[in-house]
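1. Okay, sequence plus prediction incoming.
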Amino acid sequence: MLIPRGYREEELVSNRASLLLYGGTEEERRAWAQEAAHHFEHEGALIEVRQAAELSEALKRPKGVVLVWDVSKLGLEAQGNILRCLQMQEERPKLVLGMTGSADSALERGALREDLHYRLHQAQVDLTVPGLREALKKRWAVLAEQRAVKEAAEREAAESERQAALVRKPGTVTRLAPQQRKVQSSKAAPRKASRR
């Protein structure tokens, strides 16, 4: 599970580093990106990019998590835009660059830019590493349970608030006593200037 001279998978799922995520199924790559987005949910929902045309708008985000389904299919020009974002944008989203095959095979085919690969050489997760899938499934099950508990608590709070609003009866609105009305009306009445 360790990446030589790089981040561990557990760190990459929760820190702000952008990364290459390859191997496994589409569903597993998406679940991994969703877990990463969970760590930054206060920054907005996970954005998914499947085509090069969707990329430029996603890269403009100052925060959050962006999943690029298969970076090797976007083309080298789009990958250049990703590289510029990583090198020049101080505020940028966490980019999870997915791939179906390995990064090495994409490099050999010329489907992945060498400079982009180099930029992310310490931030790569290979979902086919023995034991990783099982560890992820356990982690995702715990995360799903936490989400369910949180959503149930939010629904319960919303229902309590709705019930409290229904229970309010006429007469609970604060009314001014007659003395308070007189004081307020005398303050509001304009004073006549005395002439000499």
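-> Okay, I see it.
2. any idea which helix is longest in the chain?
-> Using DSSP state H, we find that the single longest helix of the chain is helix 132-167.
3. got the residue ranges for the helices in this protein?
-> Using DSSP H, helices in the chain cover 9-14, 26-39, 52-59, 76-88, 103-109, 114-119, 132-167, 178-188.
4. out of those, nearest to V65?
-> V65 sits nearest to helix 26-39 of all those, at 4.1 Å, using Cβ to Cβ. Every C-beta, even on glycine, is put in place using the N, C-alpha and C of the backbone.
5. what's the angle between the closest one and helix 132-167?
-> Helix 26-39 and helix 132-167 are oriented at 50 degrees to each other (axes from the mean of the first three to the mean of the last three Cα atoms, to 10 degrees).
6. Not counting helix 26-39 itself, show me its contacts.
-> By Cβ atoms under 8 Å, 6 or more residues apart in numbering, the residues outside helix 26-39 that reach it are 12-14, 21-22, 24, 45-46, 48, 64-65, 67, 69, 94, 96, 98, 100, 125, 127, 133, 136, 139-140, 143, 147.
7. again, only using 6 Å
-> Outside helix 26-39, the residues within contact range by Cβ atoms under 6 Å, 6 or more residues apart in numbering are V13, S14, L21, L46, V65, L67, V96, G98, L127, W140.
8. Now it: average pLDDT?
-> Averaged across helix 26-39, pLDDT comes to 93.
9. Identify each buried residue in it, please.
-> Neighbour-count burial for helix 26-39, counted by 16 or more other Cβ atoms under 10 Å, picks out E28, R29, R30, A31, W32, A33, Q34, E35, A36, A37, H38.
10. now the residues you listed as CSV including distance to L74?
-> Converted to CSV, the buried residues of helix 26-39 look like this (distance: Cβ to Cβ, whole Å):
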residue, distance to L74
E28, 20
R29, 15
R30, 17
A31, 21
W32, 19
A33, 16
Q34, 21
E35, 23
A36, 20
A37, 20
H38, 25
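11. and which of these is nearest A157?
-> For the buried residues of helix 26-39, the closest approach to A157 (Cβ to Cβ) belongs to H38, at 20.2 Å.
12. Distance check, that closest one against A144.
-> Distance, H38 to A144, using Cβ to Cβ, to the nearest Å: 10 Å.
13. cool, and R155?
-> Counting by Cβ to Cβ, the gap from R155 to A144 is 16 Å.
14. what about the longest strand in this structure?
-> strand 94-99 (DSSP state E).
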